[in-house]
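> Test case, fold it:
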Amino acid sequence: MRVAHLIASLALTGCWHAHESNVRPAAKLDDDTLSKRFLFPPITLAVPEDAIVRIVGPVTTCSGTLVDEDLVLTAHHCVVGLGPRGEFLATTLPAADMHIELGGDYLPWGTVSVKDVVTPPCGEHGGRGDLAILVLSHRLIGITPYTARLDGAPVLGETLDPAGFGRCALSPDGIHRTVRQGGEVAGLANGIIRMTASICPGDSGGPVFARGSHEIVGVVSLSAMDSDERTRNASIMARVDSFRPLFGLARQIADGASRSELPPVSCGE
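This is a model prediction of the structure:
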């Protein structure tokens, strides 16, 4: 019964509705933060964690990760339209309707537009294929991209931690980048990772790291959630190693190749 409820409702709660997230507290920047992040006249200095970004769409917001200077990895269900009952559709949103926000504090220190969206022909409802890559309008120089583990599968018992910009109802603070409490890989099947983790609305598309590294093995796809961000519940993450061709396709499109010249990405069995 719990599994059935998980599959039916998790993807819907993994994104944050934009109209809810527009009310954000003013940034609190103490002297120490200013000394690390800003120079005068105002010049913002990126930190390694700025590779984790917030994705803003017309209705929902999600999380994502810079995996190349002009490519952001996120979840497929974060880049599709919503039906009249809030259901995820198979139609990909226009790239112009989305942008990414840079910075992990309450207010972004920069925004970047999106010029293309690359997805597999599956995964918009979560689980296998719940991956998408946003091609940015220009390269981001000064932020070190994180590496996706495309050549090695996750291992049973391996400890993983997700991260994102989600916020639960009882979260004591505003929206900001957070590394969540993860756990061990409990199961591997059909392009997904089963594990327990603390996930909040808005974490969808965020990276799932091998603990102690910035190596991405998956993205946040589905999770049971309550109002407390400290609660670890059953979660499903989409594996990146199952869709290595998606990364190559996005790289070619970013470099100017026409989609008509490139083979489509298959979801396989």
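> For the stretch 101-250 of the chain, just list every one of the helices.
244-254 (DSSP state H, counting those that start in this stretch).
> Tell me where it has strands.
Taking DSSP state E, counting those that start in this stretch, the strands of the stretch 101-250 of the chain run over residues 110-118, 132-136, 147-148, 159-164, 178-179, 183-184, 187-189, 192-197, 207-210, 215-223, 233-239.
> quick one: the fourth one to chain centroid distance?
Read it as strand 159-164. 11 Å (C-alpha atoms, centre = their mean, to the nearest Å).
> neighbouring strands for that strand, and are they parallel or not?
Note on strand 159-164: by DSSP bridges, its sheet partners are strand 178-179 (antiparallel), strand 183-184 (antiparallel), strand 207-210 (antiparallel).
> in that strand, what's buried?
Residues of strand 159-164 classed as buried by neighbour count (16 or more other C-beta atoms under 10 Å): 160-164. In this view, the C-beta of every residue, glycine as well, is placed from N, C-alpha and C.
> Can you tell me how far the nearest residue to Gly104 once chain neighbours are set aside is from Ser227?
Leaving aside its sequence neighbours, Gly104 sits nearest to Arg177 (C-beta to C-beta, 6 or more residues apart in numbering; 3.4 Å). For Arg177, the distance to Ser227 (C-beta to C-beta, to the nearest Å) stands at 20 Å.
> just to revisit the earlier point, which one of the strands of the stretch 101-250 of the chain is the most hemmed in?
strand 215-223 (a mean of 28; mean count of other C-beta atoms under 10 Å).
> Report the angle between that one and strand 159-164.
On the basis of axes from the mean of the first three to the mean of the last three C-alpha atoms, to 10 degrees, strand 215-223 is oriented at 70 degrees to strand 159-164.
> Please name every helix or strand in contact with strand 215-223.
helix 2-13, strand 60-68, strand 71-74, strand 147-148, strand 159-164, strand 192-197, strand 207-210, strand 233-239 (3 or more C-beta pairs under 8 Å, 6 or more residues apart in numbering; DSSP states H and E).
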